[in-house]
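In: A structural model of the following input is requested.
(one chain, ligands or ions: 2)
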Amino acid sequence: MLTTKLSILSSKSNKSSIVWRQIRQINSNIGVIGIPFWYGQSRLGTNLAPEILRSKGLIDKLSAQFGQNRVIDFGNISLEIDSNEISKNQWKNPNEFNLWKLSEKSSNFIENLIKNDYVPLILGGDHSIAVGSVMGAKQALINKGNNEDLSLIWIDAHADANTVQSSLSGNLHGMPMSFLVKPTSTEHQHQKNQQQQIKPCINAKNIVYIGLRDVEIQELHLLKELNIAYFSMKDVDNLGINEVIARSLDHIDPLGKNHLHISFDVDSLDPMIIPSTGTPVMGGLTFRETLQIGEYINNTGRMIAMDLVEFNPNIGTEQMIDQSAKTIIEIIMAFFGKSRLG
Ligand SMILES: NC(=[NH2+])NCCC[C@H](N)C(=O)O
Ligand SMILES: [Mn+2]
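Out: Ligands and ions are numbered 1, 2, ... in the order given. Okay, the predicted model is just below:
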């Protein structure tokens, strides 16, 4: 079951000496959409992230960099929370029902943005919002009727691959991957939540993780069973970030034709750099490694959507929150085409 991982780790990528295409993704517009959903975990605050990022200059900086008419802020997707459902508390996670409702709404919105030639920048919220955003991106491609598939790059300290049954915390933000990945065995199907209303949409072979360093044993079993590729921080240390990205792309998109959905959890970075997040894990990506990922992905010209999740402006001092926000804005800019070469 380790074959995928071993083979990608042992073979030097033929794209590692990539010739960087001097084109940037400048044709599509950027559609910013906030999803202030925080019920995937228990700490209030990620719901404030879209507004704080805006107030720290996200839209202005994107507009200055890429042109005012190319950056449209669509505001936030609101969610009518069913408080009945929250208080019931009869289930391990009473907020599940709300997540299905949100995902339906947000996936439709994101699908429409993509169909109208926007690359959505989806501001969480916690990581459970990725369920709706990945579904929306996939849906946009299906309805376009082309053969190009969706590949998913999940940049995170955590695998977020628990099922409702396997999760120890009961937090939905630790589960989105298990809702999204198509079951490849009856055992996996069995692990999935019976009540789940989300139709899994991503093939395991089209998924790669970068930055893992806090994965629970049951999640690791799932990744191995489904043969999902991952590069932990140890792999980043062993190979260097450039090789990790090259091998990631080789694996999820060997022909270089798929669209790339980036699901970026800010806890992938070291908490020294982005302290304002709810589940920090030491030993994360550096700012420069993260910029390298962003510039590299942008150079493919194939990013279809980007989630930016788990920034919690309630955590840390004023100075830490400011530093976190400014760092996040620079990272977003790199994924959308700002280059350190100017
Ligand atoms: N998106 C995140 N920050 N996820 C953290 C998940 C932590 C833990 N593995 C859980 O399932 O509860
Ligand atoms: Mn996450």
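
In: contacts, neighbours, all on C-alpha from now
Out: OK.

In: test my guess that Ile207 contacts Leu150.
Out: No - counting by Cα atoms under 8 Å, Ile207 sits too far from Leu150 to count as a contact (9.1 Å).

In: which helix runs longest in this structure?
Out: Longest among the helix segments of the chain by residue count, using DSSP state H, is helix 96-115.

In: mind checking what helix or strand follows the one helix or strand Asp250 maps to in sequence?
Out: Using DSSP states H and E, Asp250 maps to helix 241-252. The C-terminal neighbour of helix 241-252 among helices and strands, as given by DSSP H and E, is strand 259-265.

In: contacts only, for Val281.
Out: By Cα atoms under 8 Å, 6 or more residues apart in numbering, Val281 lies in contact with 157, 213-214, 267, 270-271.

In: which stretches of the stretch 151-300 of the chain have low pLDDT?
Out: Along the stretch 151-300 of the chain, the parts satisfying pLDDT under 70 run over 184-197.

In: can you name the residue of it nearest to ligand 1?
Out: With Cα to the nearest ligand atom, the shortest gap between the stretch 151-300 of the chain and ligand 1 falls at Gly174, namely 3.6 Å.

In: just give the number of residues close to that residue.
Out: As a burial measure, Gly174 scores 24 neighbours (other Cα atoms under 10 Å).

In: helices or strands up against the helix or strand hosting Ile153?
Out: Per DSSP H and E: Ile153 is located in strand 150-155. Applying 3 or more Cα pairs under 8 Å, 6 or more residues apart in numbering; DSSP states H and E, we find strand 150-155 packed against helix 130-144, strand 207-212, strand 259-265.

In: other residues contacting it?
Out: 137-138, 141, 202, 206-212, 252-253, 258-265, 268.

In: what's near enough to touch the residue most central in space within the chain?
Out: By Cα atoms, centre = their mean, the chain has its centre lying nearest to Ser263, at 1.1 Å. Listed by Cα under 8 Å, 6+ apart, the contact set of Ser263 reads 130, 152-155, 306-309.

In: now the strands for the stretch 1-150 of the chain?
Out: Secondary structure of the stretch 1-150 of the chain (DSSP state E, counting those that start in this stretch): strands located at 29-35, 71-76, 118-124, 150-155.
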